[in-house]
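Trainee: Fold the following and give me the result.
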Amino acid sequence: MRSPVSRRSHVLFSLLSGILLAGCSGAPDTGAPAPAAETKASSFVEAAWKPPTEADIPADSLGASIRRGLAILRNTPDSLPAYATSGLNCTSCHQSDGLKLSAAPLTGSHSRFPKYMPRSGAVISLADRVNYCFTRSLAGNALPVASREMTDILAYLAYISKDVPVGTKIAGHDGIISMKDTLVGEVGRGEVVYKRECAACHQLDGQGIAKAFPPLWGPKSYSIGASMARAERAASFIWHNMPQSQPGKLTPQEAFDVAAYINSHPRPDSPGKESDWPMGGAPADVPYATKGHAAFNPPASLVTRASPATAVVPNPPRAPRELTKE
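Mentor: Here you go, the predicted model:
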């Protein structure tokens with residue numbers, strides 16, 4: 001027979017055990033089986049996906065960053081005159097705020113980085129890829145990766161990549177659409193087509209109209225290291241998107257001819273370009289010499305960059321083995 005103290009100890013232990021079990025379960029036992037944990041569908045149907053619009057940007061601090069990033073893309077030299085030193089905006093190529101499928105769309109880009117880039121021979125971040133645009137396509141200077149402006153640009157890229165799973169390649173993931181056939185452009189024919197179809201906007205001297213149509217050659221245009229300096233890349237962009245009032249009006253041959261004419265003119269240099277494709281394998285139409293590759297139809301001359309050191313995006317460095325002691 002148990003003593004009163006022993007019985008009280010047993011009752012107290014039972015009560016404490018019940019309280020602890022109830023706390024761990026998080027809910028009273030109703031006798032019903034526990035519901036299965038909800039799982040979010042992992043399937044992604046690209047045909048049913050659409051990027052969020054400007055109107056959908058939230059009215060909060062993150063939304064303010066997204067809007068600032070979009071404003072930078074639309075008005076790049078005005079927003080960052082020390083870094084975007086040409087006459088081009090990001091949206092000069094990435095048209096419709098980076099949403100146009102035929103004009104190097106930016107949708108889904110946030111889901112594809114970090115990634116290996118053959119041109120640099122390294123795995124790079126999305127911020128580095130943005131800086132390749134600043135230093136090459138905008139012929140400017142690398143934007144500090146830790147700056148608010150870079151964060152704003154990345155916020156916008158993340159916004160228009162919403163719900164695209166990591167690693168998923170959606171339409172336009174390779175940038176400019178590849179041409180079905182690679183044709184040989186001829187400068188003389190291209191000049192005729194340019195004067196007929198392009199000069200009204202980009203002017204006979206190729207300098208465009210400020211804040212409306214970008215310069216296509218000269219010191220304020222894209223550098224020799226930009227994708228657009230390659231014949232096939234330029235021809236594809238022209239054929240798919242120009243003239244803006246009637247895209248697709250030109251034949252593929254005319255597009256290659258116009259590309260040859262535009263890229264025959266002087267344009268900014270791209271410091272460090274000789275180190276591109278360090279493993280070899282540069283595309284045949286790269287207009288400058290790299291490892292195992294001879295320059296293809298280089299421009300008449302190159303304009304020296306004002307700040308060569310800041311016009312280069314270095315590959316990611318290794319962390320130091322030891323921290324410096326103060």
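Trainee: all strands for this protein, in order.
Mentor: 115-117, 122-124, 267-268, 302-303 (DSSP state E).
Trainee: Note down every partner strand of the third one and its orientation.
Mentor: Think strand 267-268. strand 302-303 (parallel) (DSSP bridges).
Trainee: Need the residues that contact the partner strand.
Mentor: The contact list for strand 302-303, computed with Cβ atoms under 8 Å, 6 or more residues apart in numbering, reads 218-219, 224, 266-269. Bear in mind the C-beta positions are built from the backbone N, C-alpha and C, glycine included.
Trainee: could you redo the residues you listed as TSV and give each row pLDDT and neighbour count?
Mentor: Shown next, in TSV, are those (pLDDT from 0 to 100; neighbours: other Cβ atoms under 10 Å):
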residue	pLDDT	neighbour count
G218	98	17
P219	98	17
I224	98	24
P266	98	16
R267	98	31
P268	98	29
D269	98	20
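Trainee: which ones are touching A311?
Mentor: 135, 139-142, 270-272, 305.
Trainee: switch to 6 Å and redo it
Mentor: Residues near A311 by Cβ atoms under 6 Å, 6 or more residues apart in numbering: 135, 141, 271, 305.
Trainee: now do S221
Mentor: So S221 contacts 215, 267 (Cβ under 6 Å, 6+ apart).
Trainee: which of the strands of the chain is buried the deepest?
Mentor: strand 267-268 (a mean of 30; mean count of other Cβ atoms under 10 Å).
Trainee: what ranges of the stretch 1-150 of the chain fall below the confidence cut-off?
Mentor: Counting by pLDDT under 70, the stretch 1-150 of the chain contains low-confidence ranges at 1-42.
Trainee: can you check the stretch 201-326 of the chain too?
Mentor: 326.
Trainee: go again using 80 as the cut-off
Mentor: 325-326 (pLDDT under 80).
Trainee: where do the helices sit along it?
Mentor: Counting by DSSP state H, counting those that start in this stretch, the stretch 201-326 of the chain has helices at residues 231-241, 252-263.
Trainee: I would like the residues contacting stretch 287-297, please.
Mentor: So stretch 287-297 is in contact with 224, 229, 273, 276-277, 280, 282, 285, 298, going by Cβ under 6 Å, 6+ apart.
Trainee: Next one: V130 from S270, what distance?
Mentor: Counting by Cβ to Cβ, to the nearest Å, the gap from V130 to S270 is 16 Å.
Trainee: more crowded one of those two?
Mentor: S270 (25 against 22; other Cβ atoms under 10 Å).
Trainee: so who does that one touch?
Mentor: S270 touches 136, 223-225, counting by Cβ under 6 Å, 6+ apart.
Trainee: Tell me, how many residues neighbour the closest residue to N89 other than its chain neighbours?
Mentor: Nearest residue to N89 in three dimensions, chain neighbours excluded: T76, at 4.4 Å (Cβ to Cβ, 6 or more residues apart in numbering). T76: 25 surrounding residues under other Cβ under 10 Å.
Trainee: re earlier: out of the contacts of stretch 287-297, who has the most neighbours?
Mentor: A229 (28 neighbours).
Trainee: Could you check stretch 119-137 and say which residues are buried?
Mentor: Neighbour counts over stretch 119-137 (16 or more other Cβ atoms under 10 Å) mark 119-121, 124, 126-137 as buried.
Trainee: From the chain's centre, how far out is it? Work that out for me.
Mentor: On the basis of Cα atoms, centre = their mean, to the nearest Å, stretch 119-137 sits 9 Å off its chain's mean C-alpha point.
Trainee: what about it, how long is it end to end?
Mentor: From its first residue to its last, stretch 119-137 covers 15 Å (Cα to Cα, to the nearest Å).
Trainee: Can you list the neighbours in contact with it?
Mentor: Counting by Cβ under 6 Å, 6+ apart, 83, 113-114, 116-117, 140, 142-143, 145, 150, 153, 222-223, 225-226, 270, 276-279, 311, 313, 315 sit against stretch 119-137.
Trainee: same check, this time on stretch 80-90
Mentor: In contact with stretch 80-90 (Cβ under 6 Å, 6+ apart) are residues 73, 76-77, 134, 138-141, 143, 214-215, 220.
Trainee: so how far is G69 from the closest residue to L106 other than its chain neighbours?
Mentor: Nearest residue to L106 in three dimensions, chain neighbours excluded: G98, at 3.3 Å (Cβ to Cβ, 6+ apart). Plainly put, G98 is 10 Å away from G69 if you go by Cβ to Cβ.
Trainee: and if you look at M117?
Mentor: M117 is 22 Å from G69, by Cβ to Cβ.
Trainee: and D163, how many neighbours?
Mentor: 12.
Trainee: Check H94 too.
Mentor: Neighbours of H94 using other Cβ under 10 Å come to 21.
Trainee: What of the one 10 residues further on?
Mentor: Applying the criterion other Cβ under 10 Å, we find 24 residues in the vicinity of A104.
Trainee: so it makes contact with C93?
Mentor: Yes - counting by Cβ atoms under 6 Å, A104 touches C93, with 5.5 Å between them.
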